[in-house]
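Asker: Structure here, sequence nowhere to be found:
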C-alpha cells in the first residue's frame, strides 16, 4: 500500500508539473500579446498609416516602412513561390524516391532552419558588394531565399497527401504527366499549397536580420528598388534602440502591427489547412 | 463540357477538340504532349537543383568572404578574445562563448518545460482542448523574433533587474563557485537575460516536435502499460520516452539550432560587449548579435571579413546541429512508417 501511495504521489507530482509547464508556456503568449496591445495600441492612429517616419522628437507615422515591407514581401513571394512550388513538385511527383529528391529534401530542411542572418550575409556578398550599394532588390531576394524552403516543404508534403489512385486514374485516361500534375494533383492540393505561401509570408513579414545589410533602411519615401528601402522590422529595431520617446512608441505600434499581421496570417493558414488534416 | 465551365478530361487532352481519328494529327498531338511533359519535368528539376545551388552559394560566399580574415589571423581567430576595430585585431572567442552560453541556458530551461508540455498535450489534456493549446503554442513560435527583442528590452530586462538578478546575487554571493556566475551589478540586460529570452523562443519548437514524436508512439504499447496498472507518469517514463528518445533528441537539436542562430531577440538584450566574462549577469555578445550590430558600420575589408568569418562559424555550427537533428528525426519517422 505504501508503494502504491508513493507511485500515486509521484504521478500526481509529474502531472502537476506538466500542467504548470503548460500554464507557464501559455502565460508567455498572453504576457507578450498583452504588453504589445497595451504599449502599441495607444499609438495606433490614422497618422501611423498616412505619415512618414519622423525625425527624432516629432510626431509621424510608419507609412514608408509599411510600404517598403509590402513591396519587398510581395517581390520575395513572386520570386520565391514559383521556384519553391516547382522544386516541391519535382520531389513529390517526378523524383519521389530518387537520389536528387532525397538530397534536396535534406538540404531544404537545413535551409528552413538556417540562421536568417547568414542569408543576409550571403545576399550581401552576391548582390550588395558587387553592386556597390544597398538596395530594395537585395532585400527582396534575401526574403525570397527564406520563402523558398517553406514553400518547397509544404508543396511537397501536400502533393504527397494526394491519393495515388487519382493520379493513376488520370494516367489511365492517357494524360501526360504534366496534365496530371496541373489538373489533378495541384487541384487536390490547392488549399495546402496556399497555406504554405501564407506561412511563408508570415515568416518573412517579421524577418529583420536578413534586411539589416541588404535593404538597409531609409528615412524617406522611396519606391526605388535600386536604393536602400525601409522596412517595418528594421525601423522597429532602429527606433526601439533610440533614446527618443516618440520613436520608441512608434516602434511599439509597429511591433503591434507586425505581430497581428503574422498571427492573422498563421490563423488563416491553419483554418485553410484544417479540413484536410482532419479527414 | 460540364455546366460550370471547367474543362472535362477529354477537352484537356484534346485541346481545341482535335479529331481523334486523324492519325497524323494524333501523333503530332502526342509528340507535343511528350515535349511539354519533358519540358515541365526539366523545369521542376532545375528548381529542385536551385535549392542545392542556394545552399552551395551560401557556403561558398561565406568562405570567400571570410578568407581575408582567416588568412590574416589564422587559427588565432578562434581563440583570441580581443575585438578591436581600431588596431584591426579581431578574435571570435567572445562571440562564440556568448553563443554557446546563451544557447545552453536556453536549452537548460526550455527542454524540461517543453517535454512537460508535450506530456500534458498527449496524455493529460482533454481532447477538445488539445488543438487550441497546440495552436496557441505554435502561435508563440510564429511571433517574430524582433518582438521578443523589444519586449525583452523594455519589459523583461527591467523586471529581471529588480527581481531575479538581485535575488541571485544575494543568494549565491557567498557560495564559492556559484558566486562568480552571479557577480557584478544587475544591469538587467546581459547573458542571462538573453538566455532566458531564447528559452521562451525555442520552447514552442521543442514542444511541437516532441508532441509529434510522442504521438507517433503506437497506442498499443501505451495501452498495454496502462493495462498492467501503470500510472500516467510511469507510462511516459518507461514507455513513451524510451520509444521516442531519438525523436526527442532530434527535436531538442532543432531547438538548439534555432537558439544558436537567433539574432534579433538576443541583439536587443545582450549588451554587445566583446568580453568573456564568467558572470552571467555581465553583458556579452553572440555571433549573430555581433554581425547584426556591427556589419553596416564595419569600415575596412578586414573588419567586414572578420564579421563574415563569424557568420561562417555560425553556419558551420548550426549546419552540424541541424544535420544531426534531421538524421534523428528521420529515424523516428522511418520507425513510425513501418
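Answerer: Received, thanks. Being a predicted model, the structure only gives us computed values, none of them experimental.
Asker: Report the spatially nearest residue to residue A:21, omitting neighbours in sequence.
Answerer: Computed as Cβ to Cβ, 6 or more residues apart in numbering or on different chains, the closest residue to residue A:21 that is not its neighbour in sequence is residue B:116, at 3.6 Å. Using the backbone N, CA and C atoms, a C-beta is placed for each residue, glycine as well.
Asker: In the helix or strand hosting that neighbour, which residues are buried?
Answerer: Assessed by DSSP states H and E, residue B:116 sits inside helix B:93-119. Buried positions in helix B:93-119, judged by neighbour count with 16 or more other Cβ atoms under 10 Å in any protein chain shown: B:93-99, B:101-103, B:105-107, B:109-111, B:113-119.
Asker: From the contact counts, what lies against it?
Answerer: Contact here means 3 or more Cβ pairs under 8 Å, 6 or more residues apart in numbering or on different chains; DSSP states H and E; on that basis helix B:93-119 packs against helix A:2-41, helix B:76-79, helix B:191-215, helix B:241-261, helix B:287-294, helix B:301-337.
Asker: which regions of chain A lie under the pLDDT threshold?
Answerer: Residue ranges of chain A with pLDDT under 70: A:274-279.
Asker: Quick one: the helices in it, in order.
Answerer: Secondary structure of chain A, counting by DSSP state H: helices at A:2-41, A:46-50, A:63-89, A:99-113, A:116-123, A:129-131, A:136-161, A:164-172, A:177-180, A:186-205, A:209-212, A:232-240, A:245-278.
Asker: Any part of the fourth one near chain B?
Answerer: Yes. On the criterion Cβ under 8 Å from any Cβ of the partner chain, helix A:99-113 is in touch with chain B at A:100, A:101, A:103, A:104, A:106, A:107, A:108, A:109, A:110, A:111, A:113.
Asker: From the residues you listed, pick the one nearest residue A:7.
Answerer: Among the residues of helix A:99-113 next to chain B, residue A:113 lies closest to residue A:7 (Cβ to Cβ), at 39.8 Å.
Asker: my guess is that closest one meets residue B:257, correct?
Answerer: Yes. Applying Cβ atoms under 8 Å, one finds residue A:113 in contact with residue B:257, separated by 5.2 Å.
Asker: who has more neighbours, the two?
Answerer: Comparing residue A:113 with residue B:257 by other Cβ atoms under 10 Å in any protein chain shown, the one with more neighbours is residue B:257, at 27 against 19.
Asker: In contact with that one, which residues?
Answerer: Going by Cβ atoms under 8 Å, 6 or more residues apart in numbering or on different chains, residue B:257 touches A:113, B:318, B:321, B:322, B:325.
Asker: Please apply the same query to residue A:110.
Answerer: By Cβ under 8 Å, 6+ apart, residue A:110 lies in contact with B:55, B:319, B:322, B:323, B:326.
Asker: what's the spacing between residue B:23 and chain A?
Answerer: Separation of residue B:23 from chain A (Cβ to the nearest Cβ, to the nearest Å) stands at 15 Å.
Asker: burial measure for that residue, as a count.
Answerer: For residue B:23, the count of nearby residues is 8 (other Cβ under 10 Å).
Asker: Quick check: residues of the stretch 151-300 of chain B near chain A?
Answerer: For the stretch 151-300 of chain B, the residues in contact with chain A (Cβ under 8 Å from any Cβ) are B:151, B:153-155, B:200, B:203-204, B:207, B:231-234, B:236, B:254, B:257-258, B:260-264, B:267-268, B:288, B:291-292, B:295-296.
Asker: Residue of the stretch 201-338 of chain B closest to chain A, please.
Answerer: Closest approach between the stretch 201-338 of chain B and chain A, counting by Cβ to the nearest Cβ: residue B:261, at 2.6 Å.
Asker: wait, the stretch 101-250 of chain B
Answerer: Residue nearest to chain A within the stretch 101-250 of chain B (Cβ to the nearest Cβ): residue B:144, separated by 2.2 Å.
Asker: Give me the phi and psi for that residue.
Answerer: Torsion angles at residue B:144 (phi, psi; degrees, to the nearest 10) stand at phi -60, psi 150.
Asker: which residues sit in contact with the residue lying closest to it once chain neighbours are set aside?
Answerer: Spatially, and ignoring its direct neighbours in sequence, residue B:144 is nearest to residue A:206 (2.2 Å; Cβ to Cβ, 6+ apart). Residue A:206 makes contact with A:233, A:258, A:259, A:262, B:143, B:144, B:145, B:146, B:147 under the criterion Cβ under 8 Å, 6+ apart.
Asker: any chance of the residues you listed in a markdown table, with neighbour count too?
Answerer: Below are these laid out as a markdown table (neighbours: other Cβ atoms under 10 Å in any protein chain shown):
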| residue | neighbour count |
| --- | --- |
| A:233 | 27 |
| A:258 | 24 |
| A:259 | 24 |
| A:262 | 21 |
| B:143 | 26 |
| B:144 | 24 |
| B:145 | 24 |
| B:146 | 28 |
| B:147 | 25 |
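Asker: biggest separation within these, which pair?
Answerer: Farthest pair in the contacts of residue A:206 (Cβ to Cβ) is A:233 and B:143. Separation: 12.4 Å.
Asker: and the residue positioned nearest the centre of chain B, what pLDDT?
Answerer: In chain B, the centroid-proximal residue (Cα atoms, centre = their mean) is residue B:258; its distance is 2.2 Å. On pLDDT, residue B:258 comes in at 91.
Asker: Distance to residue A:237 added to the helices and strands packed on helix B:93-119, as a markdown table?
Answerer: Formatted as a markdown table, the helices and strands packed on helix B:93-119 follow (distance: least, Cβ to Cβ, whole Å):
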| stretch | distance to residue A:237 |
| --- | --- |
| helix A:2-41 | 15 |
| helix B:76-79 | 28 |
| helix B:191-215 | 15 |
| helix B:241-261 | 17 |
| helix B:287-294 | 8 |
| helix B:301-337 | 17 |
